[in-house]
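coords please:
(one chain, ligands or ions: 1)
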Amino acid sequence: MLTTFASGTQPREHLRVRSVRRGTRVSAVVASSLALTGCSLSGTLAPRGPDAQIAANIWWYMLWLSAAIFVGWLALFVVAMVRRPTGEIDEEHEQRLHRRFIVGGGIVLPSIAFASLFVIDLLGIAALPQGDEVVVDAVGYQFWWEFAYEHPELVTANELYIPTDTDVQVRLRTEDVIHSFWVPQLSGKRDMVPGRTNVLTLHATEPGRYLGECTEFCGVQHANMRFEVVAVPPDEYQQWLDDMVAPAAEPQTEDQRRGYDAFMTASCAACHVIRGTPADGRAGPDLTHFAQRRWLGAGAAPNDRGHLGGWVVNPQSIKPGSTMPPVELDAEDLPVLLDYLESLE
Ligand SMILES: [Cu+2]
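Sure thing, here's the model as predicted:
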């Protein structure tokens, strides 16, 4: 964004660029100090949507407010250390001073600080995006995510595509326990509660891949219950939808055909949907266009042939406690099964 600013801008713009840069430098310093403590600015503090921007603004306000309070307190501390009463002590004057400190520093200042925070919070809540130009269902499972679109009807898993600069209403449900949906760079958190549908609006101002995660402890593989929000320009989003509604690719080679047979005859087909084939199990993620996904097992491992082989033979070795069991396969079926899975573009 900064580089596009830099060329051919008006002088005023330049000023803005410079102050943006200075802001960036301050953030960079804060970022590197946070990195030392294990935090990073890739999350909440690098917002890419209005909702997350509001949360980040409140965070920075709280940081500067507490910094100011801390510095003020230090100053008073220093004054108390060096101030030596000279001559006669005027008891009455001292007491008036003490009272002023107690009322000012103990009641007035905290009230102003809390009230300002309260007002900023309320304004932030009122400004949250609420639109529903696109509506998506997100369903939490131990330990993965299903995403369903309505127009056209489409079910997929672990990657949520959204158009940029659009209010995307996400309807949050769960099939089992309480999960919580969080995309730090785009929005606040919202719980997925059994028997309820909660809603949250995502709005991405920039294309990108944004990490999402479950933030309500939901069992042993809670930490590997991640997803990616892929924000793309609206025309690309439409193209993606068109590609995704198509049924799965037919096996092309002899090996892929044998892999297809292995998938349909082993128990895989009882738990997974591959549209356009007899596989119609609903216990696991839809695999119709599985090869497009970057990650395996909701962020547990990269989706490459090595990890995929390990996953198919025994998912428990990659994601212990996952609800996909190890499946008995003939040794010669594994490579062809992988060929078939990798062909599901
Ligand atoms: Cu969860």
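
tell me the residues of this protein that contact the ion?
Within the chain, the positions adjacent to the ion are 179, 214, 218, 225 by Cβ under 5 Å from the ion. Every C-beta, even on glycine, is put in place using the N, C-alpha and C of the backbone.

how about the helices in the protein?
Per DSSP state H, the chain carries helices over the ranges 2-6, 11-36, 50-82, 91-103, 109-127, 234-245, 254-265, 268-271, 305-313, 315-318, 333-342.

mind putting those helices into JSON lines with mean pLDDT and mean neighbour count?
Converted to JSON lines, the helices of the chain look like this (pLDDT from 0 to 100; neighbours: other Cβ atoms under 10 Å):
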{"stretch": "helix 2-6", "mean pLDDT": "34", "mean neighbour count": "10"}
{"stretch": "helix 11-36", "mean pLDDT": "50", "mean neighbour count": "11"}
{"stretch": "helix 50-82", "mean pLDDT": "93", "mean neighbour count": "13"}
{"stretch": "helix 91-103", "mean pLDDT": "89", "mean neighbour count": "10"}
{"stretch": "helix 109-127", "mean pLDDT": "93", "mean neighbour count": "12"}
{"stretch": "helix 234-245", "mean pLDDT": "95", "mean neighbour count": "14"}
{"stretch": "helix 254-265", "mean pLDDT": "96", "mean neighbour count": "17"}
{"stretch": "helix 268-271", "mean pLDDT": "95", "mean neighbour count": "17"}
{"stretch": "helix 305-313", "mean pLDDT": "95", "mean neighbour count": "16"}
{"stretch": "helix 315-318", "mean pLDDT": "95", "mean neighbour count": "16"}
{"stretch": "helix 333-342", "mean pLDDT": "96", "mean neighbour count": "20"}
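
make JSON lines out of those helices and add distance to residue 205.
Output for the helices of the chain, formatted as JSON lines (distance: least, Cβ to Cβ, whole Å):
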{"stretch": "helix 2-6", "distance to residue 205": "14"}
{"stretch": "helix 11-36", "distance to residue 205": "15"}
{"stretch": "helix 50-82", "distance to residue 205": "7"}
{"stretch": "helix 91-103", "distance to residue 205": "45"}
{"stretch": "helix 109-127", "distance to residue 205": "14"}
{"stretch": "helix 234-245", "distance to residue 205": "13"}
{"stretch": "helix 254-265", "distance to residue 205": "41"}
{"stretch": "helix 268-271", "distance to residue 205": "38"}
{"stretch": "helix 305-313", "distance to residue 205": "33"}
{"stretch": "helix 315-318", "distance to residue 205": "35"}
{"stretch": "helix 333-342", "distance to residue 205": "34"}
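
to residue 165, which of those helices lies closest?
Nearest of the helices of the chain to residue 165, taken as Cβ to Cβ: helix 234-245 at 7.5 Å.

what's that closest one packed up against?
strand 154-157, strand 159-163 (3 or more Cβ pairs under 8 Å, 6 or more residues apart in numbering; DSSP states H and E).

deepest-packed of those strands, please.
A comparison of the helices and strands packed on helix 234-245 by mean neighbour count, using mean count of other Cβ atoms under 10 Å, puts strand 159-163 on top with a mean of 22.

show me the protein divided up by domain.
1-41, 43-83+91-127, 134-245, 254-342 (automatic domain parsing).

between the two ends of the last one, what distance do you get?
For domain 254-342, the first and last residues are 14 Å from each other (Cα to Cα, to the nearest Å).

likewise the third one?
Chord length of domain 134-245, first to last residue, is 16 Å (Cα to Cα).

what of stretch 125-135?
21 Å.

list the buried residues in that stretch.
Under the neighbour-count criterion of 16 or more other Cβ atoms under 10 Å, stretch 125-135 has 129, 134 buried.

gap between that stretch and the chain center?
Chain-centre distance of stretch 125-135: 17 Å, with Cα atoms, centre = their mean, to the nearest Å.

what of stretch 298-310?
On Cα atoms, centre = their mean, the centre of stretch 298-310 falls 21 Å from that of its chain.

adjust the sequence numbering to begin at 4 for everything that follows.
Shifting the count to begin at 4 puts that one at stretch 301-313.

start to end distance for that stretch?
Stretch 301-313 has an end-to-end distance of 15 Å (criterion: Cα to Cα).

cool, and stretch 79-90?
22 Å.

how about stretch 329-340?
Start-to-end, stretch 329-340 (Cα to Cα) is 15 Å.

name the residues that touch it?
With contacts defined as Cβ atoms under 8 Å, 6 or more residues apart in numbering, stretch 329-340 is touched by 258-259, 261-262, 265-266, 269-271, 312, 315-319.

the same query, at a cut-off of 6 Å, please.
258, 261, 262, 265, 269, 270, 317 (Cβ atoms under 6 Å, 6 or more residues apart in numbering).

show me what contacts the fifth one?
What it means is residue 269. Counting by Cβ under 6 Å, 6+ apart, residue 269 has contacts residue 330.

what does the fourth one give?
Counting by Cβ under 6 Å, 6+ apart, residue 265 touches 336, 340.

do that again at 8 Å, thanks
Residue 265 touches 332, 333, 336, 339, 340, 343, counting by Cβ under 8 Å, 6+ apart.

my guess is residue 169 contacts residue 206, does it?
Yes: at 7.0 Å, residue 169 counts as touching residue 206 under the criterion of Cβ atoms under 8 Å.

what's the overlap in contacts for these two?
residue 134.
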